[in-house]
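> Mind folding the following:
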Amino acid sequence: MVIALNRTLTDPMYLFMCSLFVSELYGCTMLFPMLLHHMLWQLRQISTAFCFLQIYCLHSYATAEYLNLTVLSYDRYIAICFPLQYHTHLNKSRVMKLIAFPWAYALLTVVVTLCQTTSLQLCNNVIPKVYCDNYSVVRMACSDISYINFYGLFITLLTIAVPFVFMMYTYLCILRVCCSSSKQSAQKALSTCVPHLITLLNFTLGGSFELMQSRFDMSNVSMVLRIFLSLYCISSQPLLSPLMYGLNISRIRTLCKGLLLARLHSNA
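Model (predicted):
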């Protein structure tokens, strides 16, 4: 809200952050209202349509989130390695493309994945989780799933490995610039990367938990811990990211205080 309402926050970094926060709102909104409804009414069933809708939202959220974090690493790379050409490299046209790409890629690739999953004949209807995910449904199939596994591996490598290598490259370049700069300049540059690094590590940790549950037998792990690990990625990221960026970036912190104080005075 602060970024959208304040016209002074027009730098590309703030627009990329806004896209990141929107993806996190999208991610938690697709899960928690339904989950709370099931908890309050003690329901253990979900319709097929809602299950596939949940799969679509969950996977498109995870993809868009990871790609938005990749875009933010590119933003920091340009800001630190090419500060004088920052607005030249990140002109309005390129910024719009970098905002649109994560969403377009996420929403379109998951459609293909979901079309393959919906065509399967299922032999079971029990998912050992508190929400639906694609691999859990695929594992219940009676038909051949080799082509789905191949496509899933290809998309996983394209979506995770390529951005990861790119982010490692950007941070190696940033470290090289910091090592050749003064101590004060290096500290200032690295401090702007801290929120991104923490949110990236947190999301990677949550994604690793989810991958472990999907790919390995976790029957010997307590159900409470498995539920916690299932919800960690979706719940912790939307809570952590706004706090990290809001608390670490003084301009946003100051504007947040001003907005809250203005609201309090108007209600008084």
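
> Now stretch 7-16: buried residues?
For stretch 7-16, a neighbour-count test (16 or more other CB atoms under 10 Å) marks L9, D11, P12, M13, Y14, L15, F16 as buried. In short, each C-beta sits where N, CA and C put it, glycine included.

> no wait, stretch 64-77
64-77.

> Where does confidence bottom out across the buried residues of stretch 7-16?
Looking at these by pLDDT, the weakest one is L9, with 81.

> For it, give me its contacts.
By CB atoms under 8 Å, 6 or more residues apart in numbering, the contact list for L9 reads V2, I3, R251, I252, L255.

> Stretch 56-67: how far from the chain's middle?
Taking the mean of its C-alpha atoms, stretch 56-67 sits 6 Å from the chain's own mean (CA atoms, centre = their mean, to the nearest Å).

> Equivalent analysis for stretch 203-223, please.
18 Å.

> Any chance of the backbone angles for the nearest residue to M13 once chain neighbours are set aside?
Among residues not flanking M13 along the chain, D75 sits closest, at 5.2 Å (CB to CB, 6 or more residues apart in numbering). In terms of degrees, to the nearest 10, the main-chain angles of D75 are phi -60, psi -50.

> Next: V126.
phi -120, psi 120.

> and if you look at L122?
Main-chain dihedrals, L122, degrees, to the nearest 10: phi -100, psi 140.

> closest to I99 among the buried residues of stretch 64-77?
V71 (7.6 Å; CB to CB).

> sec struct for the closest one, please.
helix (DSSP: H, G, I helix; E, B strand; the rest coil).

> re the thing from before, unless I'm mixing things up, the residue nearest to M13 is touching F16, no?
Yes. If you go by CB atoms under 8 Å, D75 and F16 touch, sitting 5.5 Å apart.

> so which helix or strand takes in the most centrally placed residue in the chain?
By CA atoms, centre = their mean, the chain has its centre lying nearest to E65, at 2.3 Å. Assigned by DSSP states H and E, E65 belongs to helix 48-81.

> for that helix, packing partners?
The contact analysis (3 or more CB pairs under 8 Å, 6 or more residues apart in numbering; DSSP states H and E) places helix 48-81 against helix 12-40, helix 86-89, helix 92-118, helix 134-138, helix 162-179, helix 183-215, helix 223-248.

> In CSV: those helices, plus distance to I46.
CSV is the format used below for those (distance: least, CB to CB, whole Å):
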stretch, distance to I46
helix 12-40, 8
helix 86-89, 46
helix 92-118, 15
helix 134-138, 11
helix 162-179, 31
helix 183-215, 18
helix 223-248, 14
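
> on that earlier part again, okay, the angle between the helix holding E65 and helix 183-215?
160 degrees (axes from the mean of the first three to the mean of the last three CA atoms, to 10 degrees).

> tell me the angle of helix 48-81 relative to helix 162-179?
With the same axes, to 10 degrees applied, the angle from helix 48-81 to helix 162-179 works out at 20 degrees.

> Run the chain-centre distance for helix 48-81.
That offset, for helix 48-81, works out to 4 Å (CA atoms, centre = their mean).

> could you give the mean pLDDT of it?
93.

> before we move on, back to that, which residue sits closest to the residue nearest to the centre of the chain, ignoring its sequence neighbours?
S23 (4.9 Å).

> With L58 as the reference, name the closest of the helices and strands packed on helix 48-81.
helix 12-40 (6.7 Å).

> I'd guessed C18 sits against A4; true?
Yes. Between C18 and A4 there is a contact at 6.7 Å, judged by CB under 8 Å.

> more neighbours, the two?
Neighbour count, other CB atoms under 10 Å: between C18 and A4, C18 has more, with 17 against 12.

> That one: what's it in contact with?
I3, A4.

> at 10 Å instead, please
M1, V2, I3, A4, L9, N68, I99 (CB atoms under 10 Å, 6 or more residues apart in numbering).
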